[in-house]
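Colleague: my questions concern the predicted model and sequence given below.
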Amino acid sequence: MSALRDAKGLVVKEISDHLNQSKALYVLNYKTLDVKALQQIRNVVAGEGVLLKVYKNRLVKLAADSLKFGDINASLIGQNIYAFAKQDDLNALKAIVKNKKQFPALELVAGIYENKVVNAKELEEIAKLPSYEEALMILGNSLISPIRNIAIGLNMLIEQGKVKAE
C-alpha cells in the first residue's frame, strides 16, 4: 500500500510541476470522445505548446490545493483532460476553442488563467480577445490610418486640379 501512496504522491508532484511551469491550465470534459479523436486533438494543440494529460480529478485537486488554486476543485467532475499551456496562454486557448468546433463533445469546464480560477464562460470570452500579434496589427493600423487618409485626400485634390503636384 505504501508503494501505491508513493506513486500517487509522485503524480501529484508532477501535476504541481506542470502547473508551476505552465502559463495557464484548461480543464476539458471529454466523456464521449474516443482515443483516436483525443490523439488528433493532442497533435493539433501540441503545435501551440499545449500538453494534454489525463489525470484523476482527486490528484489534480490535491495539487491545486497545494498551489492555492482550490477554487477550481468544484469544477473537477467527470472525465476531464487537462491542457497545460506551456508557451502562450491565449493562443493555446484559441487552439482549444477551434478544436472544440471540430469535436463538439469536447467541452471547456474551467481553467487557471493569469493565476486566477475562471469558469468555462469566462474562458470563451477570453478566447475572443485578440492575440498579442493581432493587437499589434490593430495598433499599427490605427496609428497609420490618419496618414493614409491625408495621402488619399491630397491625391484627390491633385486629381481634381485644385493643387499642383511638384
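Modeller: Nice, thanks for sending it over. Numbers count the residues shown, from 1 in each chain.
Colleague: where are the low-confidence patches of the chain?
Modeller: The model of the chain has pLDDT under 70 over residues 1, 163, 165-166.
Colleague: how much space between the residue nearest to the spatial centre of the chain and Asp6?
Modeller: Nearest to the geometric centre of the chain sits Leu93, at 1.9 Å (Cα atoms, centre = their mean). Going from Leu93 to Asp6 by Cβ to Cβ, to the nearest Å gives 35 Å. The C-beta positions use only the backbone N, C-alpha and C, and glycine is treated the same way.
Colleague: does the residue nearest to the centre of the chain count as helix, strand or coil?
Modeller: helix (DSSP: H, G, I helix; E, B strand; the rest coil).
Colleague: what's the nearest residue to it if we skip its chain neighbours?
Modeller: Counting by Cβ to Cβ, 6 or more residues apart in numbering, Leu93 lies nearest to Ala127, which is 5.0 Å off, once chain neighbours are set aside.
Colleague: is it correct that the one you found is in contact with Val97?
Modeller: Yes. Between Ala127 and Val97 a contact is recorded at 4.3 Å, counting by Cβ atoms under 8 Å.
Colleague: check the offset of stretch 76-93 from the chain's centre.
Modeller: 7 Å (Cα atoms, centre = their mean, to the nearest Å).
Colleague: what does stretch 127-143 give?
Modeller: 17 Å.
Colleague: let me see the residues that make contact with that stretch.
Modeller: Asp88, Leu90, Asn91, Leu93, Lys94, Ile96, Val97 (Cβ atoms under 8 Å, 6 or more residues apart in numbering).
Colleague: tell me which two of those sit farthest apart.
Modeller: Asp88 and Val97 (13.9 Å; Cβ to Cβ).
Colleague: ok, back up a step: in a markdown table, list the contacts of stretch 127-143 along with distance to Asn119.
Modeller: Below are the contacts of stretch 127-143 laid out as a markdown table (distance: Cβ to Cβ, whole Å):
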| residue | distance to Asn119 |
| --- | --- |
| Asp88 | 21 |
| Leu90 | 17 |
| Asn91 | 21 |
| Leu93 | 13 |
| Lys94 | 18 |
| Ile96 | 15 |
| Val97 | 15 |
